[in-house]
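K.L.:
3D, please:
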Amino acid sequence: MKLVVVSDNHRDQDVLQWIVDHHPNADHYIHLGDSEMKEETLTQLGFYGVRGNYPFEPKFPYDLITQFGSVKTLITHGHQYGVKLGLYGLVEAALTLNVQLVMYGHTHDAKISEYENILFLNPGSPSMARGGKPTFATIEIEEQRVHILIHEMYTNEVLAQLDRFTQ
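P.N.:
Okay, the predicted model is just below:
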């Protein structure tokens, strides 16, 4: 199963269209908030996801708990967990919810990390990156294996990756 994950494009619909055009075989396109686009527009592009801290996505939930194959996942924007100050709030939520993967945004800083056998992915921002290149992420899930890649926007160059087996 292939997931494409993006966050914080802040009204830039062209970057979402580019991602869909260059990854047409994804099983799911996930948006982690702050698209500043209407739900109908995101749905037409093939994305679903969560609400960010901007008030333009009123129909989206703040969090989604989803199962992708054998991997239980928390999808959130992250602002309600204080991710700009660190991952403590997300770690606590992940442990409480017994998830293996957490996807979050808000910081515009692409990052893959791991704590207590839980994977954390922030795909960065494809249009408003902070301190680096514009980015998005792909995740490939096969049975208990999770392979996460952070890609540079427009070149698809892999900037970071992590390959793990979940428990």
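
K.L.:
By mean pLDDT, point me to the weakest helix or strand of the protein.
P.N.:
The least trusted helix or strand in the chain, going by mean pLDDT, DSSP states H and E, turns out to be helix 39-45, with a mean of 88.

K.L.:
From the contact counts, what lies against it?
P.N.:
helix 13-22 (3 or more Cβ pairs under 8 Å, 6 or more residues apart in numbering; DSSP states H and E). C-beta: built from backbone N, CA, C; applies to glycine.

K.L.:
so what secondary structure elements neighbour the helix it packs on?
P.N.:
strand 2-6, strand 28-31, helix 39-45.

K.L.:
ok, back up a step: list of residues touching the least confident helix or strand of the chain?
P.N.:
Gln13, Leu16, Gln17, Val20, Tyr29, His31, Ser35, Tyr48, Gly49, Glu57, Lys59, Phe60 (Cβ atoms under 8 Å, 6 or more residues apart in numbering).

K.L.:
Could you measure from the nearest residue to the second one once chain neighbours are set aside over to Ser125?
P.N.:
Computed as Cβ to Cβ, 6 or more residues apart in numbering, the closest residue to Leu16 that is not its neighbour in sequence is Leu45, at 5.3 Å. Leu45 sits 17 Å away from Ser125 when distances are taken as Cβ to Cβ, to the nearest Å.

K.L.:
out of those two, which sits in the more crowded spot?
P.N.:
Between Leu45 and Ser125, counting by other Cβ atoms under 10 Å, Ser125 is the more crowded of the two (29 against 16).

K.L.:
isn't that one right up against Gly131?
P.N.:
No. Ser125 lies out of contact with Gly131 (Cβ atoms under 8 Å); the separation is 10.8 Å.

K.L.:
Dihedrals phi and psi, Gln80?
P.N.:
Main-chain dihedrals, Gln80, degrees, to the nearest 10: phi -70, psi -10.

K.L.:
confidence score at it?
P.N.:
pLDDT recorded at Gln80 is 93.

K.L.:
ok, now which ones touch it?
P.N.:
Taking Cβ under 8 Å, 6+ apart as the test, what Gln80 contacts is Tyr62, Gly89.
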